[in-house]
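Student: here is the input, now give the coordinates:
(one chain, ligands or ions: 1)
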Amino acid sequence: MIDRVLTAFNEAIFDTDRERALRVIREAEQEGIPPEDIVFKVVVPSIHIMMKSTSERRTPSIAQHFVAAQIASEVTETMVSRFARSPEIIGRVVIGTSVGDMHGLGKRIVSGCLKALMIEVIDLGLNVPAERFVDEAVAQNADVIGVSSMMVHTARGPSAALGVRKILKDRALERRIKLAVGGAPYRFDHDLYRTVGADAWAEDGIIAGTVISALIKEARQ
Ligand code: B12
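Tutor: The predicted model follows:
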């Protein structure tokens with residue numbers, strides 16, 4: 001029965017049909033499928049299917065990413081509140097856009113994908129200075145800082161990832177807190193993430209899920 005639900009849910013998110021996806025989930029609940037199974041046997045596998053299709057270059061569109069991330073995040077949040085026991089969160093990420101950058105769509109998609117993978121996300125919003133990224137990461141005991149930058153100068157600027165890296169180094173936090181970046185400039189120049197001192201970058205929200213899960217493991221070793 002769960003396979004049928006996964007197939008129907010997956011088809012709905014690939015069709016960017018939010019209503020149909022939510023209906024599939026409602027019906028699954030009515031049939032008695034527990035919230036835990038809906039998250040771990042439907043939502044999380046559907047994100048993995050999208051990851052796989054991305055890596056096989058059957059690239060889903062921005063609309064598919066966006067809708068998948070939003071629905072996955074919405075369903076996960078609702079279901080998690082109904083879990084019999086609190087689920088194990090695999091890690092914590094502080095995310096925001098760099099100083100001067102008001103492009104927030106990509107960050108929202110990334111946040112949705114991470115939440116669906118049981119990663120807690122603290123979203124600092126737009127126009128976030130380097131110091132705030134680090135202060136919040138320390139205060140929230142985060143494993144990873146994610147800096148989203150859509151313009152070349154907001155990616156390369158001293159108060160973006162470069163600034164975060166410097167503060168992490170000055171405060172001897174580099175082993176404990178990892179730094180991930182993303183946004184259009186990193187797609188144009190695949191080595192830019194190294195130039196700005198990041199540990200990793202990701203081309204889209206789905207790949208961000210894989211990359212950030214790996215960084216969490218590294219930070220927790
Ligand atoms: C939509 C858009 C806007 C909207 C933003 C609306 C919003 N609320 O977000 C508005 C109209 C406000 C806007 C304004 C401007 N924009 Co604009 N904008 C775009 C546009 C067309 C799409 C961006 C977008 O949303 N993409 C869709 C999302 C899903 O993709 P994404 O952001 O890349 O995110 C994915 C990945 O990058 C990755 N990712 C993103 N963040 C992160 C973070 C981490 C940690 C990880 C791991 C991964 C990751 O995962 C995401 C999800 O799949 C781009 C063009 C482009 N090709 O990107 C220009 C673009 C980014 N804008 C540009 C410019 C110049 C501007 C303005 C300066 C224009 C102006 N003269 O006013 C202003 C600047 C405003 C500011 N201070 O930020 C330029 C930047 C050029 C450059 N070389 O720096 C671009 C590239 C257009 C161009 N070709 O000229 N913009």
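Student: which helix or strand lies directly C-terminal to the least confident helix or strand in the chain by mean pLDDT?
Tutor: Least confident helix or strand, the chain: helix 44-55 with a mean of 75, by mean pLDDT, DSSP states H and E. Later in the chain than helix 44-55, the nearest helix or strand by DSSP states H and E is helix 62-80.
Student: name the residues that touch the next helix-or-strand element following that following helix?
Tutor: Once helix 62-80 ends, the next helix or strand along the chain (criterion: DSSP H and E) is strand 91-97. With contacts defined as CB atoms under 8 Å, 6 or more residues apart in numbering, strand 91-97 is touched by 103-104, 107, 110-111, 114, 119-128, 132-133, 136-137, 140-150, 154, 212-213, 216, 219-220. C-beta here means a position set from N, CA and C on the backbone, and glycine is covered the same way.
Student: enumerate the residues of the protein near the ligand.
Tutor: For the chain, the residues in contact with the ligand (CB under 6 Å from any ligand atom) are 62, 65, 100-107, 109-110, 146-148, 150-152, 180-184, 202, 204-205, 208, 211.
Student: so which of those are in strands?
Tutor: Under the assignment DSSP state E, the residues of the chain next to the ligand contribute Gly146, Val147, Ser148, Ala180, Val181, Gly182 to strands.
Student: which one of these sits closest to the ligand?
Tutor: Distance ranking of these against the ligand, using CB to the nearest ligand atom, places Gly182 first at 2.0 Å.
Student: contacts only, for Gly125.
Tutor: Gly96, Thr97, Gly104.
Student: number of nearby residues for the first one?
Tutor: Other residues near Gly96 number 23, with proximity taken as other CB atoms under 10 Å.
Student: and for the one 10 residues further on?
Tutor: Under the neighbour criterion other CB under 10 Å, Gly106 is assigned a count of 21.
Student: would you confirm that it contacts Ala202?
Tutor: No. In this structure Gly106 lies outside contact range of Ala202 using CB atoms under 8 Å: 10.1 Å.
Student: between the two, what contacts are shared?
Tutor: Gly182.
Student: how is the protein carved up into domains?
Tutor: 2-80, 91-220 (automatic domain parsing).
Student: sorry, back to before: among the contacts of strand 91-97, which ones are buried?
Tutor: 103-104, 107, 110-111, 114, 119, 121-124, 126, 128, 132-133, 136-137, 142-150, 154, 212-213, 216, 219 (16 or more other CB atoms under 10 Å).
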